[in-house]
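1. kindly return the folded structure for what I paste below:
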Amino acid sequence: METSTFSALADTALRLTDAQRDQVRAVVEPLLTAADGEIDKPAWLAAARAASPLLPRDLLGALREFRHDAGPDGALMIRNLPVEEDLPATPVRPGSVRTRASVASGVIVTAMLQLGEVIAYRSEKSGALVQDVVPVPGYESQQSNAGSVRLHMHTENAFHPSRPDFLGLLCVRADPTGDARLTTASIRRALPLLSGEARRTLSQERFLTEAPPSFGDHQGDSPVHAILVGAPEDPNVLVDFAATHPVDDGARQAMEELRTALERVTHEHTLDAGDLVLADNRLTVHGRTSFSPLFDGTDRWLHRVYAALDGRRARVHAENGGAVLR
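-> Numbering: from 1, shown residues only. Down below sits the predicted model:
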């Protein structure tokens with residue numbers, strides 16, 4: 001009999017058995033026709049919410065434990081999830097999203113609903129709940145999900161007052177070159193590497209963060225903020241090394257010390273089709289290695305979904321009380 005495996009190693013992973021993978025597929029297949037298969041309809045999200053508790057017990061347990069405490073690395077890899085076996089060509093258009101339900105979109109949404117309320121942002125890819133992460137011609141040098149240069153480590157949507165608590169990235173097509181690897185680093189691993197002075201400085205409101213390029217019509221920066229927030233012995237981290245700017249030399253030095261510490265504890269993840277990476281966006285920054293897209297329909301293709309622990313906290317930024325935030 002097949003058994004699932006779960007380890008508390010640095011690259012924490014849960015690999016589903018083939019039987020469990022088939023169970024997940026059976027749970028999400030009804031979502032292909034729910035609400036006419038239109039992902040962004042409230043009725044479809046409601047159907048996904050009802051389906052989510054039917055996922056395999058081992059998977060539900062791992063998700064619940066990760067929500068409770070993301071561990072020292074703040075990331076969880078779930079392998080051998082079902083995705084489409086006959087994929088179309090990888091999209092190459094800017095702002096690509098999933099509007100029609102698929103097995104893969106059902107998988108990532110039902111999993112993320114175990115971590116919180118699924119959310120999106122009106123200024124980012126038109127507020128779609130399930131977004132494509134694909135390289136786009138002409139965007140190669142951009143610090144965004146459409147680029148292919150090295151993507152600097154960052155808190156997802158660090159500038160936004162209602163940034164997601166959790167980020168999910170599901171691979172539906174692996175990078176054929178093998179060069180594109182997801183990178184993650186946890187403040188829990190990096191904190192002991194920081195000097196006392198750097199910790200104090202990073203805990204002070206001496207930093208500003210711009211919106212990323214994907215928020216095309218967003219104006220302005222976040223208010224001045226600290227990078228380390230919360231309990232000094234186990235803080236959250238709030239930084240985007242492409243968009244966060246120190247306001248003085250001391251803050252600049254502390255931010256460079258943090259960058260070095262995070263680089264020392266960074267893990268690289270090679271994603272295959274059916275691999276889902278979950279990151280606690282409060283503890284973990286993420287990025288991507290550089291790669292050379294082929295733009296021939298076979299490039300790396302991920303689905304991305306956000307979740308917020310407290311839907312009411314984000315409600316002040318929600319449109320008509322829904323899942324899309326301003």
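
2. report the buried residues of the lengthiest helix in the chain.
-> Counting by DSSP state H, the longest helix found in the chain is helix 249-264. Neighbour counts over helix 249-264 (16 or more other C-beta atoms under 10 Å) mark 251, 254, 255, 257, 258, 259, 261, 262 as buried. Every residue, glycine included, has its C-beta placed from N, CA and C.

3. packing partners of that helix?
-> Helices and strands touching helix 249-264, by 3 or more C-beta pairs under 8 Å, 6 or more residues apart in numbering; DSSP states H and E, are strand 151-154, helix 187-190, helix 196-202, strand 244-246.

4. again, only using 10 Å
-> Helices and strands touching helix 249-264, by 3 or more C-beta pairs under 10 Å, 6 or more residues apart in numbering; DSSP states H and E, are strand 151-154, strand 182-186, helix 187-190, helix 196-202, strand 207-209, strand 244-246, strand 284-288.

5. these into CSV, with extra columns for mean neighbour count and mean pLDDT?
-> Listed next are the helices and strands packed on helix 249-264 as CSV, based on neighbours: other C-beta atoms under 10 Å; pLDDT from 0 to 100:
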stretch, mean neighbour count, mean pLDDT
strand 151-154, 20, 97
strand 182-186, 24, 98
helix 187-190, 22, 98
helix 196-202, 18, 98
strand 207-209, 22, 96
strand 244-246, 18, 97
strand 284-288, 25, 98
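
6. right, and residue 60 touches residue 16 too?
-> No. Assessed by C-beta atoms under 10 Å, residue 60 is found out of contact with residue 16, at 11.8 Å.

7. look at the two and report which has more neighbours.
-> Per other C-beta atoms under 10 Å, whichever of residue 60 and residue 16 has more neighbours is residue 16, with 24 against 15.

8. how about that one, phi and psi?
-> When quoted as degrees, to the nearest 10, the phi and psi of residue 16 stand at phi -70, psi 150.

9. now do it, the pLDDT please.
-> On the pLDDT scale, residue 16 is placed at 98.

10. same check on the one 3 residues further on?
-> On the pLDDT scale, residue 19 is placed at 98.

11. please, which helix or strand holds it?
-> helix 18-28 (DSSP states H and E).

12. beyond that helix, next helix or strand please.
-> Heading C-terminal from helix 18-28 (DSSP H and E), you reach helix 42-51.

13. buried ones in that following helix?
-> By 16+ other C-beta under 10 Å, the buried positions in helix 42-51 come out as 44, 45, 47, 48, 51.

14. which other helices and strands does the next helix or strand along the chain from it contact?
-> Sequence-wise, the next helix or strand downstream of helix 42-51 (DSSP H and E) is helix 57-68. Helix 57-68 is packed against strand 5-6, strand 13-15, helix 18-28, strand 75-79, helix 103-112, strand 166-173, strand 276-280, with contacts defined by 3+ C-beta pairs under 10 Å, 6+ apart.

15. mind running it again at 8 Å?
-> strand 13-15, helix 18-28, strand 75-79, strand 276-280.

16. residue 96 and residue 90, how far apart?
-> Taking C-beta to C-beta, to the nearest Å as the measure, residue 96 and residue 90 are separated by 9 Å.

17. how about low-confidence regions in the stretch 51-200 of the chain?
-> The stretch 51-200 of the chain contains no residues with pLDDT under 70.

18. relative to residue 158, how far out is the nearest residue in space to residue 245 that is not next to it in sequence?
-> Computed as C-beta to C-beta, 6 or more residues apart in numbering, the closest residue to residue 245 that is not its neighbour in sequence is residue 208, at 5.1 Å. Going from residue 208 to residue 158 by C-beta to C-beta gives 11 Å.

19. what residues are shared contacts of those two?
-> Common contacts of residue 208 and residue 158 (C-beta atoms under 8 Å, 6 or more residues apart in numbering): 222, 244.

20. for the host helix or strand of residue 302, name the packing helices and strands.
-> Element membership of residue 302 [criterion: DSSP H and E] is strand 301-308. Applying 3+ C-beta pairs under 8 Å, 6+ apart, we find strand 301-308 packed against helix 103-112, strand 117-121, strand 130-133, strand 166-173.

21. alright, that wraps it up for me.
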